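Q: What would the 3D arrangement of this be:
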Amino acid sequence: MDNTQLHVAIVSSPGMGHLIPVLVLGNRLATNHNIKITILAITTTSSSSEIKFLKQSNEKKTIEIIPIPSVDISHLIDSTTKVITQLRLLVREALPGIRSGIASMNHRPDALIVDIFGTQMLSIAEEFNIPKYVFHTSTAWLLAVFIYQQVIDQEIQGEHVDLKQPLEIPGCKALQPDDVMDPMMDRNDQQYHEYLKLTMEYTCFDGILINTWKDLEGETIKALRSNEKLQPGLKVPLPIYPIGPLRRTFEITERDEVIQWLDKQNYESILFVSFGSGGALSSQQMIELAWGLELSQQKFVWVVRPPSDGDLDNAYLNSNGNDTRVMSEYLPEGFLTRTKDMGLVVPMWAKQVEILSHSSVGGFMSHCGWNSTIESLTNGVPMIAWPLYAEQKMNAAMLTEEIGVAVRPDISPTKKLVKREEIQGMVRILMDTKEGKSIREKAKKLKISAENALSEGGSSYNSMCELVKDIRTR
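A: The predicted structure follows:
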């Protein structure tokens with residue numbers, strides 16, 4: 001058997017939500033499979049946090065990280081340009097930098113792995129004759145929708161926003177109209193066409209890695225591998241590699257204020273509230289959430305970002321922490337004083353992985369981004385699902401209806417204001433009822449399942465070995 005060290009290049013799209021799973025994948029391949037890893041990270045003009053995170057992540061020098069200079073797309077967009085269009089444009093404009101980065105490498109990579117928004121790099125992989133793989137950083141269910149999108153586009157007439165019946169995905173859970181992703185809604189928007197191109201590009205790769213595991217999405221993974229209806233027009237089924245759940249690890253070097261406060265709290269008594277690095281609520285919704293937390297009388301840690309009453313897409317892409325408002329300006333009058341013994345309000349950012357792994361945390365109110373969901377599930381922490389954009393409504397539906405590890409509002413927060421009474425009720429259900437205890441037990445079983453999948457001989461470990469073998473034999 002050939003034991004020469006493989007060299008794999010991995011490309012990250014802009015944004016922390018894309019950068020984190022790519023770094024975790026790179027570290028796992030380097031540490032567990034002795035592969036030389038080079039990460040090409042496309043950065044954005046607005047986010048210094050990405051550069052800082054890159055430097056911190058590279059302190060141990062286990063992988064090589066090459067930041068790709070940010071590109072200016074201001075001449076290509078206007079105030080109505082949606083997030084997927086912007087991300088696709090950012091990657092498109094960065095392609096010359098990616099190509100130069102690969103061309104300048106002493107040893108040409110044995111494989112190129114790109115994340116969800118990096119599929120436009122097909123031409124670069126083909127130019128250099130490099131085997132190419134997509135790292136699908138979300139669920140197998142979303143991947144099934146991606147692959148089937150070409151059929152959906154042809155068969156569904158009119159706008160998805162007008163759908164009355166669920167979208168049937170062969171071999172998978174049907175997609176309810178309320179959970180359809182925003183990019184699928186409007187055929188007249190450039191975002192729809194960028195999304196459609198992206199899903200078509202997926203089927204041109206040599207294989208797809210998914211950040212999920214067999215026990216979590218077994219039926220969907222089976223459908224992806226064997227259901228011919230799900231892969232129309234493909235001569236051979238795409239190789240599917242469920243390699244998750246990949247999440248950040250951490251070493252506690254110092255116990256900051258939040259961890260010290262958690263150390264003093266009772267076992268599983270704290271609700272952690274955070275909506276991700278790009279998540280923003282409206283001013284009105286933030287007031288209702290504050291009142292809901294206060295009325296619940298349950299202890300909490302809330303990572304607060306300034307409200308955004310504009311477009312969620314712009315809030316996501318411009319979450320650079322430059323807002324100078326103080327929290328008392330947008331939280332209910334007296335809230336911080338009244339809840340000082342009951343909760344901890346943290347401005348802008350907190351150590352999420354450390355917090356979710358703390359024994360005093362018993363619940364997580366989350367936007368259901370897949371990184372955050374993985375971090376919650378791998379710590380056995382149940383959730384209050386609060387989806388904001390992208391595929392988060394699908395994630396919320398899966399967590400509540402299929403896996404049973406979460407509760408969510410009756411109507412999506414993106415469609416209607418969630419009132420304080422409903423928030424209070426959800427918090428109490430999760431933290432202080434028999435129903436919540438049952439949900440917590442399911443979450444703890446999933447934690448064990450995740451550990452087993454990643455351990456030597458587990459389903460995801462074996463899947464990663466199959467991927468490495470495939471790269472080596474190409």
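Q: Can you show me the strands along the chain?
A: 7-12, 36-42, 64-68, 111-115, 132-136, 208-210, 240-242, 270-274, 300-304, 343-347, 361-366, 383-385, 406-407 (DSSP state E).
Q: Adjacent strands (with direction) for the fifth one?
A: Right, strand 132-136. strand 111-115 (parallel), strand 208-210 (parallel) (DSSP bridges).
Q: what comes into contact with the longest one?
A: In other words, strand 111-115. Residues from elsewhere that reach strand 111-115, judged by C-beta atoms under 8 Å, 6 or more residues apart in numbering: 6, 8-13, 18, 21-22, 25, 102, 121, 124-125, 128, 130-135, 137, 209, 471, 474. All C-beta atoms are positioned from the backbone trio N, CA, C, and that covers glycine.
Q: Quick one: buried ones out of these?
A: Among the contacts of strand 111-115, those classed as buried by 16 or more other C-beta atoms under 10 Å are 6, 8-13, 18, 21-22, 25, 102, 121, 124-125, 128, 130-135, 137, 209, 471.
Q: picking that back up, may I see the strands paired with strand 132-136 organised as JSON lines, with distance to residue 417 added?
A: Shown next, in JSON lines, are these (distance: least, C-beta to C-beta, whole Å):
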{"stretch": "strand 111-115", "distance to residue 417": "34"}
{"stretch": "strand 208-210", "distance to residue 417": "35"}
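Q: looking at these, which is buried most?
A: Of these, the one with the most neighbours on average (mean count of other C-beta atoms under 10 Å) is strand 111-115, at a mean of 26.
Q: Dump that one to PDB, restricted to CA.
A: Taking C-alpha atoms only, strand 111-115 is exported to PDB below (Å, rounded to 0.1, in the frame of the first residue of the first chain):
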ATOM      1  CA  ALA A 111      -7.300  16.600  -3.600                       C
ATOM      2  CA  LEU A 112      -9.300  19.800  -3.400                       C
ATOM      3  CA  ILE A 113     -12.100  20.000  -0.900                       C
ATOM      4  CA  VAL A 114     -14.500  23.000  -1.100                       C
ATOM      5  CA  ASP A 115     -17.300  24.000   1.200                       C
END
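Q: Tell me what angle that strand forms with strand 7-12.
A: 20 degrees (axes from the mean of the first three to the mean of the last three C-alpha atoms, to 10 degrees).
Q: Would you mind checking the average pLDDT for strand 111-115?
A: Taken as a whole, strand 111-115 has a mean pLDDT of 98.
Q: where does that strand sit relative to the chain's centre, distance-wise?
A: 17 Å (C-alpha atoms, centre = their mean, to the nearest Å).
Q: Let me know the angle separating it from strand 36-42.
A: 40 degrees.
Q: Could you report the neighbour count for residue 196?
A: By other C-beta atoms under 10 Å, the residues close to residue 196 number 17.
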